[in-house]
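Participant: Build the 3D model from these lines:
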Amino acid sequence: MSASTHEVAGRARQQPARSSLPARERGEEATTSSAPSLTVADRPLSIAYLGDPNSIHFRRWVGFMAERGDRVTLIVADGKPIGAGLPATIAIERFTPFTGHRFRPWGVIAARRSLRRVIARVKPDVLNAHYLTVNGLHAWLSGFHPYVVTLWGSDVFITPKKSRLAALVARTTLRAADMVMVNSDALLRGALAVGAPPDRTEMVQFGVDLTHFAPGPAPAGLRAHLGLEGRRVVFSPRNITPLYRHQVVVEAVATLPRDVAVVFSRHRAQEDELAAVERRVEELGLTDRVVIVPEIAHAEMLDFYRLADVVVSIPASDSTAVTILEALACEKQVVAGDLPSVREWLGELDSSALVPIDDVPATAAALARALDRDPKERAELGRRARAIVEARADQAASLARVESLYRELAAGSHRGRARRSRP
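Facilitator: Coordinates of the predicted model:
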């Protein structure tokens with residue numbers, strides 16, 4: 001997904017593996033689900049995951065399953081640091097990953113054996129790989145079924161187009177998957193084009209915690225801390241990388257009245273791009289109007305949404321962006337790039353907020369319209385925005401449905417179908 005991922009703060013730590021079995025070679029044991037299908041509907045599931053253990057949105061997903069009482073295991077590459085804050089009920093198993101950019105048979109064999117040993121210990125009902133690139137490949141290499149691939153966006157829209165090998169890996173992984181989860185109609189079309197089986201594709205949202213992300217007054221303390229008293233605030237929450245076009249945001253803000261300021265986050269910023277953004281800010285004389293804060297904990301994102309008059313997200317490629325949904329849930333105006341997956345959410349709500357990619361004048365004009373919008377019109381737009389998220393992206397409902405899909409797979413009763421996000 002091209003979704004924003006606010007890394008949980010804290011020192012890197014290693015979680016102990018739940019299993020007390022010795023690390024012995026069991027790679028040739030059968031790696032299919034061992035749970036009896038007759039009882040899978042009545043007991044907690046054992047779910048193994050391949051994904052980024054430091055992604056807040058991946059953590060929300062796996063944490064939800066753990067809170068439901070399911071036995072959750074993260075299969076993490078050797079040497080990968082894991083930030084603090086992962087629930088203690090979630091186990092960690094380490095494996096030797098395949099890391100070569102070129103096909104190396106011995107690397108593939110080593111990764112497969114390592115994964116099979118882990119899976120033999122964990123005995124999952126379902127294996128779910130988040131992000132097609134690397135994690136989906138490892139799910140396929142493991143030989144385990146049923147496995148699910150949850151797509152994020154760039155893993156379909158960008159990576160398979162980089163080389164023939166990347167396209168082959170993507171197609172092979174998707175075709176063998178027992179289920180492919182997508183979060184937008186655009187991502188569904190992309191997945192089908194790459195090779196996802198139409199009858200094994202499901203529309204699933206990461207969703208938004210609607211009990212947390214809700215409208216409320218702008219926090220005066222945060223405004224004062226950031227030096228934004230008397231300013232109208234544009235919040236650009238996406239990572240500072242070339243994909244997310246923060247330099248376009250800077251150029252657009254430079255054309256707006258001087259009481260307009262923009263807030264960025266250094267979270268997972270690419271150093272070269274961050275330096276380029278900072279240089280452009282200096283060149284345009286915007287140092288008093290651009291605030292780049294350190295990493296924002298996910299729990300603190302609510303305050304930044306409430307502080308903002310407008311939230312902006314204009315990447316070159318995207319699927320359903322969680323940051324956009326969170327902003328809408330907080331009844332905030334959003335200016336976004338006119339991408340198919342974004343239009344699915346904003347097209348009927350406020351099509352004037354959709355701007356062509358890399359178009360500075362259009363971005364500036366859309367921001368100006370939002371900032372100058374009549375308060376009553378703004379409030380009505382906000383109520384409609386939240387209603388859309390309540391109807392289509394409630395985290396509790398979305399992830400409860402995911403658990404039901406896992407149960408169907410584990411029981412062998414799933415009858416896949418390519419569902420659209422709307423009738």
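Participant: Could you use CA atoms for every contact and neighbour count after this?
Facilitator: Fine.
Participant: Outline the domain layout of this structure.
Facilitator: 12-206+395-411, 220-392 (automatic domain parsing).
Participant: export those domains to CSV and tack on distance to A214, mean neighbour count and mean pLDDT?
Facilitator: Output for these, formatted as CSV (distance: least, CA to CA, whole Å; neighbours: other CA atoms under 10 Å; pLDDT from 0 to 100):
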stretch, distance to A214, mean neighbour count, mean pLDDT
domain 12-206+395-411, 13, 19, 87
domain 220-392, 4, 19, 97
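Participant: looking at those domains, which is closest to H212?
Facilitator: With CA to CA as the measure, domain 220-392 is the member of these nearest H212 (7.6 Å).
Participant: what's the first-to-last distance across that closest one?
Facilitator: In domain 220-392, first residue to last residue: 32 Å (CA to CA, to the nearest Å).
Participant: Tabulate the domains of the chain in JSON lines, adding columns for distance to F213.
Facilitator: Putting the domains of the chain into JSON lines (distance: least, CA to CA, whole Å) gives the following:
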{"stretch": "domain 12-206+395-411", "distance to F213": "11"}
{"stretch": "domain 220-392", "distance to F213": "6"}
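Participant: Do a quick rundown of the strands in the stretch 51-200 of the chain.
Facilitator: 71-77, 82-83, 91-95, 126-130, 147-150, 179-182 (DSSP state E, counting those that start in this stretch).
Participant: whoops, the stretch 301-423 of the chain was the one
Facilitator: 310-313, 333-337, 354-355.
Participant: who wins for proximity to R258 among those?
Facilitator: strand 310-313 (15.6 Å).
Participant: can you list contacts of that closest one?
Facilitator: Strand 310-313 is contacted by residues 233-238, 244, 305, 324, 327, 332-337, 367, 370-371 when judged by CA atoms under 8 Å, 6 or more residues apart in numbering.
Participant: mind listing what that strand pairs with, with the direction of each?
Facilitator: Applying DSSP bridges to the sheet, strand 310-313 is found paired with strand 232-235 (parallel), strand 333-337 (parallel).
Participant: a markdown table for those, including distance to V126?
Facilitator: What follows is the strands paired with strand 310-313, written out as a markdown table (distance: least, CA to CA, whole Å):
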| stretch | distance to V126 |
| --- | --- |
| strand 232-235 | 39 |
| strand 333-337 | 36 |
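Participant: how much space between the closest residue to L115 other than its chain neighbours and T150?
Facilitator: Nearest residue to L115, sequence neighbours excluded (CA to CA, 6 or more residues apart in numbering): S142, at 5.5 Å. S142 sits 16 Å away from T150, going by CA to CA.
Participant: Report the contact partners of V281.
Facilitator: By CA under 8 Å, 6+ apart, the residues touching V281 are 250, 287, 290.
Participant: how about a cut-off of 7 Å?
Facilitator: Counting by CA atoms under 7 Å, 6 or more residues apart in numbering, V281 touches 250, 287.
Participant: repeat for the one 3 residues further on
Facilitator: Taking CA under 7 Å, 6+ apart as the contact definition, L284 lies against A254.
Participant: give me phi/psi at it?
Facilitator: Main-chain torsions, L284, degrees, to the nearest 10: phi -90, psi 0.
Participant: before we move on, what about the one 3 residues further on?
Facilitator: According to degrees, to the nearest 10, the main-chain angles of T287 amount to phi -60, psi -30.
Participant: Ok, F264 next?
Facilitator: When quoted as degrees, to the nearest 10, the phi and psi of F264 stand at phi -120, psi 170.
Participant: Helix, strand, or coil at the nearest residue to it once chain neighbours are set aside?
Facilitator: Distances taken as CA to CA, 6+ apart place I292 nearest to F264, at 4.7 Å, with adjacent residues excluded. Secondary structure for I292, judged by DSSP: H, G, I helix; E, B strand; the rest coil, is strand.
Participant: so how many other residues sit close to L210?
Facilitator: 18 (other CA atoms under 10 Å).
Participant: wait, isn't it in contact with D394?
Facilitator: Yes: assessed by CA atoms under 7 Å, L210 is found in contact with D394 at 6.5 Å.
Participant: Now do the residue nearest to H246 when sequence neighbours are not counted against I292, distance only.
Facilitator: Nearest residue to H246, sequence neighbours excluded (CA to CA, 6+ apart): I240, at 6.5 Å. Distance of I240 to I292, computed by CA to CA: 10 Å.
Participant: okay, and the common contacts of those two?
Facilitator: R266.
Participant: wait, what's in contact with L286?
Facilitator: No residues are in contact with L286 under the rule CA under 7 Å, 6+ apart.
Participant: which one of the strands of the stretch 301-423 of the chain lies closest to N135?
Facilitator: Minimum separation from N135 across the strands of the stretch 301-423 of the chain (CA to CA) falls at strand 310-313, 26.5 Å.
Participant: quick check, distance from that closest one to the centre of its chain.
Facilitator: Relative to the centre of its chain, strand 310-313 is centred 17 Å away, using CA atoms, centre = their mean, to the nearest Å.
Participant: Repeat that for stretch 151-170.
Facilitator: Distance of stretch 151-170 from its chain centroid, counting by CA atoms, centre = their mean, is 17 Å.
Participant: With only the CA atoms kept, save it in PDB.
Facilitator: What follows is stretch 151-170 as a C-alpha-only set of coordinates in PDB (Å, rounded to 0.1, in the frame of the first residue of the first chain):
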ATOM      1  CA  LEU A 151      -0.800  -5.800  -1.400                       C
ATOM      2  CA  TRP A 152       0.100  -2.200  -0.500                       C
ATOM      3  CA  GLY A 153       0.500  -0.300  -3.800                       C
ATOM      4  CA  SER A 154       4.000   0.300  -5.000                       C
ATOM      5  CA  ASP A 155       4.600  -3.500  -4.900                       C
ATOM      6  CA  VAL A 156       2.200  -3.700  -7.800                       C
ATOM      7  CA  PHE A 157       2.300  -0.300  -9.400                       C
ATOM      8  CA  ILE A 158       6.100   0.200  -9.500                       C
ATOM      9  CA  THR A 159       8.300  -2.800  -8.600                       C
ATOM     10  CA  PRO A 160       7.000  -5.400 -11.200                       C
ATOM     11  CA  LYS A 161       7.800  -2.800 -14.000                       C
ATOM     12  CA  LYS A 162      11.500  -2.500 -13.000                       C
ATOM     13  CA  SER A 163      12.600  -5.700 -14.700                       C
ATOM     14  CA  ARG A 164      11.500  -8.900 -16.400                       C
ATOM     15  CA  LEU A 165      12.700 -10.800 -13.300                       C
ATOM     16  CA  ALA A 166      10.600  -8.600 -11.000                       C
ATOM     17  CA  ALA A 167       7.500  -9.200 -13.200                       C
ATOM     18  CA  LEU A 168       8.100 -12.900 -13.200                       C
ATOM     19  CA  VAL A 169       8.500 -13.100  -9.400                       C
ATOM     20  CA  ALA A 170       5.400 -11.000  -8.900                       C
END
